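Student: got a predicted structure plus its sequence, pasted below:
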Amino acid sequence: MESSPLRLRLDGAALVHNWKTLAAMSGTAACGAAVKADGYGLGAREVVRRLAAAGCRNFFVAHWSEARALADLGVQLSVLHGVRAEDMADRPDGARPVLNSPEQVRRWREAGGGVCDVMVDTGMNRLGVSVEDIAAGLLDGLAVETLMSHLACADEDSVLNERQRQRFAALRGRTGAPRMSLANSAGIALGSDYHFDLTRPGLALYGGIARREFANSIRQVVQPEAQVLQRRTVRAGESVGYNATFTAPTDMDVAILNIGYADGYLRCFSGKGRAWFDGVELPVLGRVSMDLVAVGVDAAPTLRESDWAALNYALPETAALSGLSQYELLTGLGARYQPVWSH
């Protein structure tokens, strides 16, 4: 990749640490990894390569295009969105569908009914066959490897969590599936009753704090950085950026960073965000533009054009500041960053 004025510092050791932490919390259950949306925006290939080396054996993507992009890595992939008619002709070895509807089950049977996974809806009302479908024999004779469900409120202390767990537990032995899987990242923290045979963390792998139980154990993985395009002096009374939302109270130095909302650094950070240079905090001034951000640099007299500034992106704090979820902060990072992995 050619040199970019944007880069993502990615901590491979933190990624592996997070998976091992989640695996230990999963107890006797195997611990997989959700790597959909290009590894939550970090780059699925490098995520899979590192986690497979650490011992992860089960990976989850959303689309068949994602499975095809990872097929040469030789890992087991489950495709969470199942199979459309358009998917049947080009399915890579080592990938199996997570069937989500009676129509998908029928389509899979007609294609030969090989090994598959199945999602059952226990209360989220999103994807999944119904408990009643299973009782009526929908899955009879199907080679189901993993029966899955998904928690709607695992990041909250909701009565729905226990209701879903009980509905799912009641299906043990009803489908012939040797494995059952319910818990996402937050679900792992709900305790061993939620772990079943396989857990499927996503957010926490990448540094997200899905529940308070993770606050002291999950490490930050991603750090966006942008180069300085220009350092300039703004005179007292002059404004900065679109719509003149910031006016300099005194003469001040401003740096223009090569990053903006096209890169996932959204307008909600206008006047709120922070960057860092050499340990010094640099406040975002005025509106975030499509490709540019202005920061105050009076406290950083040595910062010059072509230097790199780090954007404050600690996920829980940044979510609270921006009103965005930690998932959006990760997956919204644009394609113009150059990934730089350590470890």
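Tutor: In hand now; what should we look at? Residues are numbered from 1 along each chain as shown.
Student: what separation do you get for the residue nearest the centre of the chain and R219?
Tutor: For the chain, the residue nearest the mean C-alpha position is Y40 (3.2 Å; Cα atoms, centre = their mean). Distance from Y40 to R219, counting by Cβ to Cβ, to the nearest Å: 15 Å. The C-beta positions use only the backbone N, C-alpha and C, and glycine is treated the same way.
Student: next: V240.
Tutor: In this view, V240 and R219 are 35 Å apart by Cβ to Cβ.
Student: neighbour count: those two, which is higher?
Tutor: In terms of neighbours (other Cβ atoms under 10 Å), V240 is the more surrounded of V240 and R219; the figures are 21 against 14.
Student: what's across from the more buried one in the sheet?
Tutor: Using DSSP bridges, the bridge partners assigned to V240 are F246.
Student: quick one: pLDDT of it?
Tutor: The predicted structure scores V240 at 98 on the pLDDT scale.
Student: hmm, back to that, what about the residue nearest to the centre of the chain, distance to E317?
Tutor: The value you get for Y40 to E317, if Cβ to Cβ is used, is 18 Å.
Student: and stretch 73-81, how far from the chain's centre?
Tutor: Mean-position distance between stretch 73-81 and its chain equals 16 Å (Cα atoms, centre = their mean, to the nearest Å).
Student: counting residues, name the longest strand you see in this protein.
Tutor: Criterion DSSP state E: the longest strand present in the chain is strand 222-234.
Student: kindly export it (C-alpha atoms) in PDB.
Tutor: What follows is strand 222-234 as a C-alpha-only set of coordinates in PDB (Å, rounded to 0.1, in the frame of the first residue of the first chain):
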ATOM      1  CA  VAL A 222      -6.800   0.600  17.600                       C
ATOM      2  CA  GLN A 223      -5.400   4.100  17.500                       C
ATOM      3  CA  PRO A 224      -6.100   6.400  14.500                       C
ATOM      4  CA  GLU A 225      -3.300   8.900  13.600                       C
ATOM      5  CA  ALA A 226      -3.200  11.700  11.000                       C
ATOM      6  CA  GLN A 227      -0.500  13.800   9.600                       C
ATOM      7  CA  VAL A 228      -0.300  17.600  10.000                       C
ATOM      8  CA  LEU A 229      -0.900  19.300   6.600                       C
ATOM      9  CA  GLN A 230      -0.200  22.900   7.800                       C
ATOM     10  CA  ARG A 231       0.500  24.900  11.000                       C
ATOM     11  CA  ARG A 232      -0.900  28.400  10.900                       C
ATOM     12  CA  THR A 233      -1.600  31.400  13.100                       C
ATOM     13  CA  VAL A 234      -5.200  32.500  13.600                       C
END
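Student: other SSEs contacting it?
Tutor: Where contact means 3 or more Cβ pairs under 8 Å, 6 or more residues apart in numbering; DSSP states H and E, strand 222-234 is packed against strand 6-11, strand 252-257, strand 308-311.
Student: need the contact partners of the very next helix or strand once past the first one.
Tutor: The reference is to strand 6-11. Counting by DSSP states H and E, the element after strand 6-11 in chain order, helix or strand, is helix 12-25. Where contact means Cβ atoms under 8 Å, 6 or more residues apart in numbering, the residues beyond helix 12-25 that reach it are 31, 33, 42, 46-47, 50-51, 54-56, 185, 188-189, 199, 201, 204-207, 217-221, 341-343.
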